[in-house]
Every structure is written in C-alpha cells, then in structure tokens.
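Enquirer: next one to model:
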Amino acid sequence: MIVAIHQPAYLPWLGYFHKILHADLFVLLDTVQMEKNGFANRNRVWAPNGVQWLTVPVLMKGHTHSTLGEMRINPAVSWKAKHLKTLALSYGKRPHYLRYAGDIERLLAGSGEELTPFLARMLEYFLQALGMGEKRVVRASALAPEGKATTLLLDICKKAGATAYLSGVAGKEYLDLKHFDEAGIEVVFQDFHHPRYGQGRPQFEPNLAAVDALFNLGGEEVLELLKGAGGVERRG
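Expert: Coordinates of the predicted model:
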C-alpha cells in the first residue's frame, strides 16, 4: 500500500492532487506546526490584474506552540466575500465556473473556526469534483504518530500499514532513507510535470490553485491531465 503524507492546504494546486492520485492512502499532516508563508491557509489564483494570493486569516498568537490541527481561523476578519468576489471576477466567464462556484461558496460559508477540519472538507469536495472520491484520506492525529522529520513520517507509514511511502521530490534532500530501508518500506518519489491547458489568456501561468484548471476544464478533463502528468520515480 502506497502512503503519501502532506500538510493540509487551502485550494490545493494540481501537484497536490497528482500525489493523491498515485497513493492508496493520503495522510493530512496536522500534527506539525504551520509553515510560515506556506500553503496551509493560502494559495494563488489568477485575477484580472495578474496572480493574486487568497489567504485565510488565522489566529497567530501562540502558533509556535500549536499544531496545524489546533490552528483556528480568525473570526474577526472578513475574508470569504473577498475570496468569492476574486474568483467570480477572475473566472466568472470560464466554461465551468457556474458548475462549481455554488459549492465553493457553501464550503467557505461553512468554514467554521477550526482550520484543519475546514481544509479536510474542502479536500473531500475537490476529490469528488475530480472523480477521485474513492481515495482514502485520514488525519495524522488519528494515528497518534511520534517523532520528528524522517522518524515522524516513518511512524505514520508504519501505523498506516504502508509498504511504500510516496514522497515529494524535495524528499531526496532531507529524508534519511536508511530508516525506511530498515523498516522494509520502499520510498518512491513523485514525478510531476505540470500540464499546460487553456486558461483563457495569452500567457500560461503554472502552479495556481487547482480551481484555475477546474473552472477552465471541468473535473473530468483535469483528472485526465493529472493522469498524463507523470507518475512515480523508484530508486535505482
């Protein structure tokens, strides 16, 4: 069984779903601290004036001692209407906008104040929209993992019953692979090549939130793009 592990993300990009596509089980890593300037609470979309960040405001006081699973959305900041307006101005005329816009509005309206559960519900929705609803997703906190860095990832894999761990390509730089070898768990690396698709503008902009592709192509075509965007790389 191939297990992939990644922090929760707001409006995840295509590479996020490519990793899930090639895993049997996807673990939302909610037991670590939120990365500064990471993607747990923000992502990039195309706006009329160019690329724009959409950020979910979170309560940052004490965050250095909090896990992602403990992070809370700041109820004093109005952000939902701004995000929805940006999406409408950016994608309102794209072929599949109306197909998904109402669902996304309901997701944001029901965000609540806990960040990770909101992101987990969002992920579940997008997996359904992409025809990947059968994919298994669990939160790392449900596995009560121990350790840090490589030992944390390995413990999650062991408790999830993994026979292989699917790492992002950056894992080649920081993973201590001998621990996985000793545990009899194969490590494979994501081999993702960002696909190009019609965005309704002259210059193609990669690495945007997956809603960019979803509004332009529809879930069925996005899934086909992901299937053709590379696979996994095994160690030689």
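Enquirer: which residues are in contact with the residue nearest to residue 12 when sequence neighbours are not counted?
Expert: Of all residues not flanking residue 12 in the chain, residue 210 sits nearest, at 5.9 Å (C-beta to C-beta, 6 or more residues apart in numbering). Heads up, the C-betas are built off the backbone N, CA and C, glycines and all. Contacts for residue 210 were tallied using C-beta atoms under 8 Å, 6 or more residues apart in numbering; they are 11-14, 16-17, 126, 130, 222.
Enquirer: quick one: which of those is nearest residue 176?
Expert: Closest approach between the contacts of residue 210 and residue 176, by C-beta to C-beta: residue 16, at 24.3 Å.
Enquirer: any idea how far the nearest residue to that closest one once chain neighbours are set aside is from residue 155?
Expert: Leaving out its chain neighbours, the residue that sits closest to residue 16 by C-beta to C-beta, 6+ apart is residue 9, at 5.9 Å. Residue 9 sits 22 Å away from residue 155, going by C-beta to C-beta, to the nearest Å.
Enquirer: what's the burial count for the residue nearest to residue 16?
Expert: By the other C-beta atoms under 10 Å criterion, the neighbourhood of residue 9 contains 20 residues.
Enquirer: can you tell me the helix or strand for it?
Expert: Under the criterion DSSP states H and E, no helix or strand holds residue 9.
Enquirer: quick one, what contacts the residue located most distally from the centre of the chain?
Expert: The outermost residue of the chain, judged against the average C-alpha position, is residue 182 (29.5 Å), by C-alpha atoms, centre = their mean. By C-beta under 8 Å, 6+ apart, no residues touch residue 182.
Enquirer: bridged to residue 187, which residues?
Expert: When bridges are called by DSSP bridges, residue 187 pairs up with residue 165.
Enquirer: count the residues that sit near it.
Expert: Residues near residue 187, counting by other C-beta under 10 Å, number 20.
Enquirer: what do you get for residue 2?
Expert: Burial of residue 2, expressed as a neighbour count using other C-beta under 10 Å, amounts to 17.
Enquirer: the one 10 residues further on too?
Expert: Counted by other C-beta under 10 Å, the residues lying close to residue 12 total 21.
Enquirer: from residue 177, how far off is it?
Expert: When C-beta to C-beta is the yardstick, residue 12 and residue 177 sit 26 Å from each other.
Enquirer: model confidence for the residue farthest from the centre of the chain, exactly?
Expert: Residue 182 is assigned a pLDDT of 97 by the prediction.
Enquirer: ditto for residue 133
Expert: At residue 133, the pLDDT value in this model is 97.
Enquirer: could you find the closest non-adjacent residue to it?
Expert: In space, and not counting its chain neighbours, residue 133 is closest to residue 127: 5.4 Å by C-beta to C-beta, 6+ apart.
Enquirer: quick one: the one you found and residue 120 touch, right?
Expert: No - under the contact definition of C-beta atoms under 8 Å, residue 127 does not touch residue 120, with a separation of 10.7 Å.
Enquirer: name the residues contacting each of the two.
Expert: Both residue 127 and residue 120 are in contact with residue 137, where contact means C-beta under 8 Å, 6+ apart.
Enquirer: secondary structure class for residue 69?
Expert: Assigned state for residue 69: helix (three-state reduction, DSSP: H, G, I helix; E, B strand; the rest coil).
Enquirer: tell me the contacts of it?
Expert: With contacts defined as C-beta under 8 Å, 6+ apart, residue 69 is in contact with 30-31, 116, 139, 141.
Enquirer: also residue 23?
Expert: Applying C-beta under 8 Å, 6+ apart, we find residue 23 in contact with 2-4, 135, 166.
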